[in-house]
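Engineer: Below are the sequence and a predicted model for it; my questions follow.
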Amino acid sequence: MESFMAEYDHSSHKKQLLSDKQEKLVAVRGHARQCENWQRDPKSEYKIEQQLFQKERDGRIFERLKLLGFGLEIEYFGRHTIRESRRTFFTSKPLTEKGYPHRIC
C-alpha cells in the first residue's frame, strides 16, 4: 500500500494511474476466476488423475523391465524412445499380471 501511495503522490497523471491500476485489477481478478473455474472443472480433475495413473504405470513398466534384465537397454535407448515405441504406456489402466502377461512377463 505504501508503494502505491508513493507512486500516486509522485504521479503527475493521477487519473491515468488510477485507471491503469483498475484495469490491472480487473484483469487479475478475471484470471483468478478462470483459474478457480478450471480447478473446479471435473474434466480437469479427471485429466490430472489420468496423468498420475499413466506416470505410475510408466514407472511400474520400467521397474518390471529392469527386473527382467533390460536395464542396459533402457539406459542405451532411453525411456522416451521406449515409451514412444509402445502404445502400452499410453493408457491409464493399472498394470497387472492378469491384464498384460504376454507383453511384459
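Structural biologist: Done, it's in.
Engineer: tell me, what residue is most central in the protein?
Structural biologist: For the chain, the residue nearest the mean C-alpha position is Ile48 (7.2 Å; CA atoms, centre = their mean).
Engineer: which SSE is that residue in?
Structural biologist: Per DSSP states H and E: Ile48 is located in helix 42-67.
Engineer: how far is that helix from where the chain is centred?
Structural biologist: With CA atoms, centre = their mean, to the nearest Å as the basis, helix 42-67 stands 13 Å off its chain's centre.
Engineer: Equivalent analysis for stretch 12-21, please.
Structural biologist: For stretch 12-21, the distance to the chain centre is 38 Å (CA atoms, centre = their mean).
Engineer: likewise stretch 15-26?
Structural biologist: 33 Å.
Engineer: Quick check: mean pLDDT of that stretch?
Structural biologist: For stretch 15-26, mean pLDDT is 86.
Engineer: I'd like the C-alpha coordinates of that stretch written as CSV, please.
Structural biologist: Written as CSV, here are the backbone C-alpha positions of stretch 15-26 (Å, rounded to 0.1, in the frame of the first residue of the first chain):
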residue,chain,number,x,y,z
LYS,A,15,-6.4,9.8,-13.0
GLN,A,16,-4.5,7.8,-15.6
LEU,A,17,-2.6,5.9,-12.9
LEU,A,18,-5.8,5.0,-11.1
SER,A,19,-7.4,3.9,-14.4
ASP,A,20,-4.4,1.7,-15.2
LYS,A,21,-4.4,0.2,-11.8
GLN,A,22,-8.1,-0.5,-12.1
GLU,A,23,-7.6,-2.2,-15.4
LYS,A,24,-4.9,-4.4,-14.0
LEU,A,25,-7.1,-5.3,-11.0
VAL,A,26,-10.0,-6.3,-13.3
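Engineer: All the helices of this protein, residue numbers only.
Structural biologist: In the chain, the segments counted as helices under DSSP state H are 2-10, 14-40, 42-67, 71-77, 79-85, 101-104.
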